[in-house]
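1. here's my sequence, what's the structure:
(one chain, ligands or ions: 1)
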Amino acid sequence: MHELSIAEAILDLARKSVPRGGTLRSVRMTSGPMRGIDTQCMQLAWQAMGQRDVTLRLTLLPWQMLCADCGRLWQQPELAERCACGSTRVRPIGGDELRLVSIEVDDAEEERSPSCMYTLSKTS
Ligand SMILES: [Zn+2]
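-> Here you go, the predicted model:
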């Protein structure tokens, strides 16, 4: 269950971004399709850490596809095998993103962006 280690890393990073005296209320993160993260597993992992007061908002990103023949770049929820131009020389771009987008803190009542983008090392 790799969701648990991801949840721990995200929570750890989010806590470090909370200003002094503030209370973490929610964490917004995005995950690329190559990560294979299951939304339900992620919520279960989040609850398993005892985070009842912190809401996890996970957005699964679509595949980003590139056509080698016409150069078209598009997004869709499933891996594409064919471009609109008829070419089958299509390939996904990226897809392994894992990002803490923002956090909500009770005290300041404003969203803060983390000072750094966080990318976890690839796990098989
Ligand atoms: Zn094309």
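
2. could you list the residues of this protein in contact with the ion?
-> Residues of the chain found near the ion, taking C-beta under 5 Å from the ion as the criterion, are 67, 69, 70, 72, 83, 85, 87. The C-beta positions use only the backbone N, C-alpha and C, and glycine is treated the same way.

3. residue 92 is in contact with the first one, correct?
-> Same thing as residue 67. No - contact criterion C-beta atoms under 8 Å: residue 67 and residue 92 do not qualify, at 11.4 Å.

4. so which of these two has more stuff around it?
-> Here residue 67 and residue 92 are compared on neighbour count by other C-beta atoms under 10 Å; more neighbours surround residue 67, at 20 against 15.

5. contact partners for the residue nearest to the more buried one when sequence neighbours are not counted?
-> Computed as C-beta to C-beta, 6 or more residues apart in numbering, the closest residue to residue 67 that is not its neighbour in sequence is residue 83, at 3.9 Å. Shown in contact with residue 83 (C-beta atoms under 8 Å, 6 or more residues apart in numbering): 65, 67, 69, 70, 72, 89, 90.
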